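Undergrad: One predicted model, sequence on top.
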Amino acid sequence: MILIDNRNNSDPYFNAAIEEYMVRQMQPSSEDIVFLYINSPCVVVGKNQCIYREVNFEYLCDQNTVIRRISGGGTVYHDEGNLCFAFLSKFGDNKVNNYRYFNQPIVDILQRAGIDAQFNSRNDIIWNDKKISGNAQFTDRKNILSHGTILVNTDLAKLRTALKENPFTIETKAVSSVRSSVMNISEASDRFKTAQELKEHLLKELPISNTITFTDEENESINASAESKFRSFDWIWGRNPYTKISKDQLVIEIENGIVVKSTEQQLIEKPFMP
């Protein structure tokens, strides 16, 4: 297994761009590639999700960070108490939606550390019937990326606020998250009190044979993608599918992040991003 070293960069846009770079530009051989990182606080939505349905508007109005990743799946909250991981492998039909192929080493390491982690029927990693890790995949049919999170000591109050349902009606055909009860692994064991402690432990336990540090040229390319794509209105908001929001007498219809119809005429043809 080969490790990507991002020099402890916690910029979620940059790390999202690294994951796409892994799939598009890197060439895993007989060894898979692993990337472990910790993001600054943000909400991460799946590629095909509707932000207006998934993220609490109070959270959005406070100018908090929202990321759209390249994979499908549900919405998650990241902060310094959450460890993110990504595995890159050569494409194979046997690896598609086969989260055990990628995540069994993590489950084994947690179990050896005294945390009785298990897979549930949705391939989440759970402890005591509560979710501690969610996962998603993306493939270009050449490579396959399987990535996920591990809640170590995340601020669960902020997580619940960020993902709380909004008090208005939303109609959309977008894929919706399956809401689950979650917990931190620090509640299951005092072995890991921070995400950094778990990261360091995984680095010791995973069969890592080599480390990759990006060149200046590669970093420039990744930074360019972070700015031009992952921070862009078109990617974050423009990918929202048609959405109709209703509250009291106000009805707003939104396409590609732009209001196309509304009972409040001053909203027409303006971006809808709190």
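TA: Great, that's in hand. Only a predicted model underlies this, so the values are computations on that prediction, with no experimental measurement involved.
Undergrad: How many neighbouring residues does Gly238 have?
TA: 14 (other CB atoms under 10 Å). In this view, the C-beta of every residue, glycine as well, is placed from N, C-alpha and C.
Undergrad: From the contact counts, what lies against the helix or strand bottoming out on mean pLDDT in the chain?
TA: Lowest on mean pLDDT, DSSP states H and E among the helices and strands of the chain sits helix 57-61, with a mean of 89. If contacts are counted by 3 or more CB pairs under 8 Å, 6 or more residues apart in numbering; DSSP states H and E, helix 57-61 sits against helix 156-162.
Undergrad: Please write out the alpha-carbon positions of the helix it packs on in PDB.
TA: Provided in PDB are the C-alpha atoms of helix 156-162 (Å, rounded to 0.1, in the frame of the first residue of the first chain):
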ATOM      1  CA  LEU A 156     -21.900  16.000  17.400                       C
ATOM      2  CA  ALA A 157     -24.000  19.000  18.400                       C
ATOM      3  CA  LYS A 158     -22.700  21.000  15.400                       C
ATOM      4  CA  LEU A 159     -23.100  17.900  13.200                       C
ATOM      5  CA  ARG A 160     -26.700  17.600  14.100                       C
ATOM      6  CA  THR A 161     -27.300  21.400  13.600                       C
ATOM      7  CA  ALA A 162     -25.700  21.300  10.200                       C
END
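Undergrad: ok so, going back, can you give the contact residues for the least confident helix or strand of the chain?
TA: Residues from elsewhere that reach helix 57-61, judged by CB atoms under 8 Å, 6 or more residues apart in numbering: Val43, Ile51, Val66, Thr161, Ala162, Lys164, Asn166, Met273, Pro274.
Undergrad: Please report how far Ile252 lies from Val45.
TA: Ile252 sits 19 Å away from Val45, going by CB to CB, to the nearest Å.
Undergrad: Looking at these two, which is more packed in?
TA: Taking neighbours as other CB under 10 Å, Ile252 and Val45 compare with Val45 leading, 25 against 20.
Undergrad: So what pairs up with that one in the strands?
TA: With DSSP bridges applied, Val45 shows beta-bridge pairing to Arg68.
Undergrad: In this structure it contacts Arg53, no?
TA: No - with contact defined as CB atoms under 8 Å, Val45 does not count as touching Arg53 (9.5 Å).
Undergrad: Find the residue at the geometric middle of this protein.
TA: Val44 (4.7 Å; CA atoms, centre = their mean).
Undergrad: Report pLDDT for it.
TA: As predicted, Val44 sits at a pLDDT of 97.
Undergrad: nearest spatial neighbour of it, skipping sequence neighbours?
TA: Nearest residue to Val44, sequence neighbours excluded (CB to CB, 6 or more residues apart in numbering): Ile67, at 4.6 Å.
Undergrad: What is the burial count for that neighbour?
TA: Based on other CB under 10 Å, the number of other residues close to Ile67 is 19.
Undergrad: what sits against Thr263?
TA: Taking CB under 8 Å, 6+ apart as the contact definition, Thr263 lies against Gln249, Leu250, Val251, Ile252.
Undergrad: try it again with 7 Å
TA: Shown in contact with Thr263 (CB atoms under 7 Å, 6 or more residues apart in numbering): Gln249, Leu250, Val251.
Undergrad: Thanks again, I'm all set now.
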